[in-house]
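In: I'd like to go over a predicted model; first the sequence, then the structure.
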Amino acid sequence: MLKVPATKYAAFPPVKISDRQWPGRVITKAPIWMSTDLRDGNQALFEPMNAERKMRMFKTLCAIGFKEIEIAFPSASQTEFDFVRKLIKEQHIPDDVTIEVLAPAREHLIRRTFEAVKGARRVIVHIYNATSKPFREIVFGMSKTEVVNMAVAAVKLVKELCEQNPQTEWVLEYSPENFTATELDFALEVCTAVTAAWGATPEKKIILNLPTTVEMATPNVYADQIEWMHRNLPRRDSIIISLHPHNDRGTAVAAAELALMAGADRVEGCLFGNGERTGNVDLVTLALNLYTQGVAPNLDFSDINGVARNYEHCTQMPIHPRHPYVGDLVFTAFSGSHQDAIKKGFSVQESDAPWNLPYLPIDPADLGRSYDSVIRINSQSGKGGVAYLLETEYDVVMPRRLQVEFSGEVQRYTDKHGGEMEAADIYKLFSQTYLDTASPVRYVEHHLFEDGKMQGIRLAVEMNGESHMLIGEGNGPIDAAVHALRKLGVTLQVRSYEERSMGKGGDAKACAFMEVTQTGNDRECYGVGMDANIVTASIKALMSGVNRLSASATAVKAA
């Protein structure tokens, strides 16, 4: 048992507000959103994103609808600097998107930052310095006056550099780092001095970012701090109050929601809560929480699976299966009583009526998903689970989303035929569903070739009985095969790919699992391929996915 020495930890002191207003308020509109996935999120990765993944993340954020994106800490490394230059010089930044760059309040780093963003249409320059007592006294050995002077000097330099580059529209953002641990009267002093030095007006606002650099207390305390600043800042009509909640206590979403009620205008965070230590506030959860309360979030998560797969590719980190709204299992009921209640809810839910289903706070269809009524029985049940039997009897280790998908096939089969399924029956159904899919496109053979830096493929197939030789190029065999299939009018996107080994020694086979979707279509499904050669297994999995998408489309038309 944890025994806390009386002198080691102490409760965070409350903010003295006798007439606080935020508890009686509700959020009625979305905040200004700012994604810091490419800066705060990227620097928190064990393996930071390479150029390809950074560009893919940037384009994903733009597609979602973020209008402010913190793209880099350009003075930190040449890699960061070069990425900023690439976005600007190659004109990747949409006209309605403002890039943001971060720099400490130090002259040479600020000047380097301005070099990076030269030529951009509109830029938010985000500068910061630590203001809390522990940082002043322990880390930097500075007095309060020195801290204020440091911040003001940085702002004056930024203002001077902005005036030297009038072709760009400039916005200043200032963060008193460790705001939550800073004495409120001193935080107010610093922010007031910075606002005056910038010359903020209603037409030339300054962004004051008040971060929970470390969560120090319960979310209501952060809301009190924000309300106190909101009510005491001079020139409030010339200030955008921004939040940057971290998640040290696991309450970042709650802290952001309460702080918006307390008067904040803007939120910084990352998709799915990525960030240093325990992460930044989860912008997906925050936005969809608003959506479930009837507030338009102004961000597009109608294809939440596509966003999730791009995020996993870019960060090389998995999303937890129980993550709100997006986890693989959040719209899957294992409990019979849950399934019964949800099915009864669907039977009476009218399309034009307010959403009111047991256990489902949001319509999965709004996110491009579906409700999966799945009863899974594990190895301890006595009957044996679908995934467990395929793994133990046939060495088929299915990815989690495929387990959900195939369990639905098993349930439909048992509903129709009754009785229980043995391992052989389950494998037979698995083969019929994923491996024996030779219509309308049948794989014949393939040959790989190299063309400079590209991988090429000659893919022989039969389509409706007619032979075709397709040629494609890509960054690997799968990408090349996807391009080759376009010659048949098949436009695919590969959402995820995994491979497993089946068996051991000379008899071992490769099993490839590929989650695919068709461009312009919201249906997703898995294809599976098995072969002694991993590339061949992968091509077969792709063909399996093509045919299953075709079968799915036919079924929808028939319905």
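Out: Alright, I've got the coordinates. On a predicted model such as this, the values are computed, not experimentally measured, just so you know. Numbers count the residues shown, from 1 in each chain.
In: in the chain, what spans have low per-residue confidence?
Out: Within the chain, the set of residues satisfying pLDDT under 70 comprises 373-385, 553-559.
In: List of residues touching stretch 136-154?
Out: Contact partners of stretch 136-154, identified using Cβ atoms under 8 Å, 6 or more residues apart in numbering, comprise 105-107, 110, 127, 129-131, 174, 176, 186, 189-190, 193-194, 197. All C-beta atoms are positioned from the backbone trio N, CA, C, and that covers glycine.
In: for those, which one is nearest Arg56?
Out: Minimum distance to Arg56 across the contacts of stretch 136-154 is 28.5 Å, recorded for Ile127 (Cβ to Cβ).
In: Torsion angles phi and psi at that closest one?
Out: Main-chain torsions, Ile127, degrees, to the nearest 10: phi -110, psi 160.
In: my guess is it meets Val171, correct?
Out: No - the pair Ile127 / Val171 is not scored as a contact, 11.7 Å apart, by Cβ atoms under 8 Å.
In: A strand includes Phe430, no?
Out: No - according to DSSP: H, G, I helix; E, B strand; the rest coil, the state of Phe430 is helix, so it is not within a strand.
In: Roughly how far does it sit from Val396?
Out: Computed with Cβ to Cβ, to the nearest Å, the distance linking Phe430 and Val396 is 7 Å.
In: what do the two both touch?
Out: Leu390.
In: nearest residue to Leu258 other than its sequence neighbours?
Out: Ala223 (3.7 Å; Cβ to Cβ, 6 or more residues apart in numbering).
In: now swap in Ala187 and tell me
Out: Spatial nearest neighbour of Ala187, chain neighbours left out: Pro176 (5.3 Å); criterion: Cβ to Cβ, 6+ apart.
In: Help me confirm that the one you found comes into contact with Val190.
Out: Yes - counting by Cβ under 8 Å, Pro176 touches Val190, with 5.3 Å between them.
In: sorry, back to before: which other helices and strands does the helix or strand encompassing the residue nearest to Ala187 contact?
Out: Element membership of Pro176 [criterion: DSSP states H and E] is strand 169-177. With contacts taken as 3 or more Cβ pairs under 8 Å, 6 or more residues apart in numbering; DSSP states H and E, strand 169-177 sits against strand 122-130, helix 144-164, helix 184-198, strand 206-212.
In: Residues in contact with that strand: which ones?
Out: In contact with strand 169-177 (Cβ under 8 Å, 6+ apart) are residues 98, 100, 121-132, 135, 151, 155, 158-159, 162, 182, 187, 190-191, 194, 198, 205-211, 213, 242, 244.
In: can you map out the helices along the stretch 401-550 of the chain?
Out: Assigned by DSSP state H, counting those that start in this stretch, the helices in the stretch 401-550 of the chain fall at 423-430, 477-485, 534-558.
In: any idea which of those is most buried?
Out: Most buried of those, by mean neighbour count (mean count of other Cβ atoms under 10 Å): helix 477-485, with a mean of 22.
In: Next, the angle helix 534-558 makes with that one.
Out: Per axes from the mean of the first three to the mean of the last three Cα atoms, to 10 degrees, the angle that helix 477-485 makes with helix 534-558 is 50 degrees.
In: Alpha carbons of helix 477-485, as PDB, please.
Out: Extracted C-alpha coordinates of helix 477-485, given in PDB (Å, rounded to 0.1, in the frame of the first residue of the first chain):
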ATOM      1  CA  PRO A 477       5.400  -4.900 -54.700                       C
ATOM      2  CA  ILE A 478       2.000  -4.100 -53.100                       C
ATOM      3  CA  ASP A 479       1.900  -0.500 -54.200                       C
ATOM      4  CA  ALA A 480       3.000  -1.600 -57.700                       C
ATOM      5  CA  ALA A 481       0.100  -4.200 -57.800                       C
ATOM      6  CA  VAL A 482      -2.400  -1.500 -56.600                       C
ATOM      7  CA  HIS A 483      -1.300   0.700 -59.500                       C
ATOM      8  CA  ALA A 484      -1.500  -2.300 -61.900                       C
ATOM      9  CA  LEU A 485      -5.100  -3.000 -61.000                       C
END
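In: hmm, who's touching it?
Out: Identification of contacts with helix 477-485 by Cβ under 8 Å, 6+ apart yields 441, 446, 448, 454-457, 459, 470-474, 492, 494, 497, 514, 535, 538-539, 542, 546.
In: Isn't Thr491 up against Thr517?
Out: No - with contact taken as Cβ under 8 Å, Thr491 and Thr517 are classed as non-touching, separated by 9.9 Å.
In: Between the two, which has more neighbouring residues?
Out: Between Thr491 and Thr517, Thr517 has the larger neighbour count (other Cβ atoms under 10 Å), namely 22 against 14.
In: Give the full set of residues in contact with the nearest residue to that one once chain neighbours are set aside.
Out: Nearest residue to Thr517, sequence neighbours excluded (Cβ to Cβ, 6+ apart): Glu524, at 4.5 Å. For Glu524, the contacting residues are Asn305, Arg495, Glu515, Val516, Thr517, by Cβ under 8 Å, 6+ apart.
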